[in-house]
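[1] need a structure here:
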Amino acid sequence: MGCINMVTVSIRIEDQEKRALDEMLDQMGMNITTFYSIYTKRVLRDRRIPFAIEASPDPLYSEPNVRAIKRAEQQIEEGHAVVITMDQLEELLDA
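    Alright, predicted model coming up:
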């Protein structure tokens, strides 16, 4: 059988999470190295992470903001909007 090259990977996690993970894995009869080896093999085999990773939606595109943008677009199309420059706006605010 051929030689298998191995590397060491270091990760940083909170102490409390590491202790809880060690405790859980001990109950399953494995250590953290075995756990990450199994996890890595699964990810490579399935070509995906075995759980959903999602980001919170961008608040800019929240329903109220989208409605406000559409309302503003409609007002502009109907000629019910006043367009001024930032300098003009600042002058109005300073007055």
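
[2] and Q75, what does it touch?
    By CB atoms under 8 Å, 6 or more residues apart in numbering, Q75 lies in contact with A81. Where C-beta positions appear, they are placed from N, C-alpha and C, glycine not excepted.

[3] now name the helix or strand holding it.
    Using DSSP states H and E, the element containing Q75 is helix 63-77.

[4] dump the C-alpha coordinates for that helix into PDB.
    Extracted C-alpha coordinates of helix 63-77, given in PDB (Å, rounded to 0.1, in the frame of the first residue of the first chain):
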ATOM      1  CA  GLU A  63     -40.500  44.900   1.500                       C
ATOM      2  CA  PRO A  64     -41.100  48.400   3.000                       C
ATOM      3  CA  ASN A  65     -38.000  49.800   1.200                       C
ATOM      4  CA  VAL A  66     -38.900  48.200  -2.100                       C
ATOM      5  CA  ARG A  67     -42.400  49.700  -1.800                       C
ATOM      6  CA  ALA A  68     -41.000  53.100  -1.000                       C
ATOM      7  CA  ILE A  69     -38.600  53.000  -4.000                       C
ATOM      8  CA  LYS A  70     -41.500  52.000  -6.300                       C
ATOM      9  CA  ARG A  71     -43.600  54.800  -4.900                       C
ATOM     10  CA  ALA A  72     -40.800  57.300  -5.400                       C
ATOM     11  CA  GLU A  73     -40.300  56.000  -9.000                       C
ATOM     12  CA  GLN A  74     -44.000  56.500  -9.700                       C
ATOM     13  CA  GLN A  75     -44.000  60.000  -8.300                       C
ATOM     14  CA  ILE A  76     -41.000  60.900 -10.500                       C
ATOM     15  CA  GLU A  77     -42.800  59.400 -13.600                       C
END
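
[5] that one: how far from the chain's middle?
    For helix 63-77, the separation from the chain centroid amounts to 28 Å (computed by CA atoms, centre = their mean, to the nearest Å).

[6] where do the domain boundaries of this protein fall?
    Domain assignment for the chain by automatic domain parsing gives 7-54, 59-94.
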